[in-house]
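In: give me a 3D structure for the following:
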Amino acid sequence: MQLAGRPDDAEAWYVKAIKATQAEGDRANEALFLSNLAGLLSDGPGRLGDARSYAEEALVIKKTLDPAAAEIWKTYQILAEIAGKEGNLEAARGYRHEGRASYAVAPVGQETLRRDGDLIRAVVAAVVDPSQRPVLEEAIAGVPEGGRTRLVASLRRILDSERGEDALCEPLDGEDAVIVQAVLRGIADPESLKAIPSAGPAAENAQAADVALRLEKHLPLVRAVVAAINQPELRPQLDAILQQMEQHGWSNLVASIRRILNGEGSADALVGGLDEEDTLIISVILAALEKPDALHDLLDPSPSAQPGA
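Out: Got it, this is the predicted structure:
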């Protein structure tokens, strides 16, 4: 996440933090700050060259670290955005390709395979036996409700015989691209499907527990947003919370929350550009607004609970 405030203030903070991590030999945080500074400058006028230099420096460091811990795909994404703004579309495509590849082999990508293994196998089966497509179409008809309309569109293109990985994955985020890549591998080599673990009850329970743990610290914020939408007189209290969050670097998340407060409800649009944690928060807010009863117990705290960031 990037620091809020005036861009020059944020840049100065990052430069100071980078120098401090260099002095301490903390390569992981040095790469993180370099990457974040690149993302910050890429949005400013006339700073694309500087942004690219910082991102390239971050990438060099991240390649020496554990790719999963360093989340190297995020730096590839920043470089892709910079290249796109510079008009170098070929380089942008290359960076996005590298980002998808690094995401796919990381634990987060492997978890996607486990969770969506049944969907992957079903799509491959429908390609091999087109008579199964109507059943598959019925199953994926509800997927867009989870904000994955682009994934469904790419899967349908595969069912219609398209096989170009880059073209199919270009509009997708890392998670959905992992699914498309696995489907294409399964079509080319059905044996590869055996490497996808099944989502058994124990694994599903572990995943649910992990999501609940990650979400717990954000529940006061979710409650405050839902309350402000249902009771507009609470909006000033929420605005104070959001301003505080912006000062601590949650500007992208705050921007999406404000769009929800202004009536926007498209999950695809709201989570674009957000990291996994922020996407979880937005998804829960939207779910709470769409189906209040489903999250009643989760969002109905004891009287002592107070909303906060």
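
In: ok, the nearest residue to L89 once chain neighbours are set aside - contacts?
Out: Distance criterion C-beta to C-beta, 6 or more residues apart in numbering; nearest residue to L89, sequence neighbours excluded, is A83 at 7.5 Å. C-beta: built from backbone N, CA, C; applies to glycine. Taking C-beta atoms under 8 Å, 6 or more residues apart in numbering, we find A83 in contact with 52, 89, 91-92, 95.

In: how much space separates A83 from L32?
Out: 21 Å (C-beta to C-beta, to the nearest Å).

In: what about the stretch 151-300 of the chain, any weak spots by pLDDT?
Out: Low-confidence segments of the stretch 151-300 of the chain (pLDDT under 70): 198-215, 292-300.

In: state the pLDDT value of P307.
Out: Per-residue confidence at P307 stands at 41 (pLDDT).

In: element containing the residue nearest to L89?
Out: helix 72-85 (DSSP states H and E).

In: please point out which parts of that helix sit buried.
Out: 72-84 (16 or more other C-beta atoms under 10 Å).

In: the stretch 151-300 of the chain: helices as residue ranges?
Out: 165-169, 174-188, 201-216, 219-230, 235-247, 251-261, 267-271, 276-290, 296-299 (DSSP state H, counting those that start in this stretch).

In: need the ones you listed in JSON lines (columns: mean neighbour count).
Out: As requested, the helices of the stretch 151-300 of the chain are exported to JSON lines (neighbours: other C-beta atoms under 10 Å):
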{"stretch": "helix 165-169", "mean neighbour count": "17"}
{"stretch": "helix 174-188", "mean neighbour count": "22"}
{"stretch": "helix 201-216", "mean neighbour count": "11"}
{"stretch": "helix 219-230", "mean neighbour count": "20"}
{"stretch": "helix 235-247", "mean neighbour count": "15"}
{"stretch": "helix 251-261", "mean neighbour count": "19"}
{"stretch": "helix 267-271", "mean neighbour count": "18"}
{"stretch": "helix 276-290", "mean neighbour count": "18"}
{"stretch": "helix 296-299", "mean neighbour count": "13"}
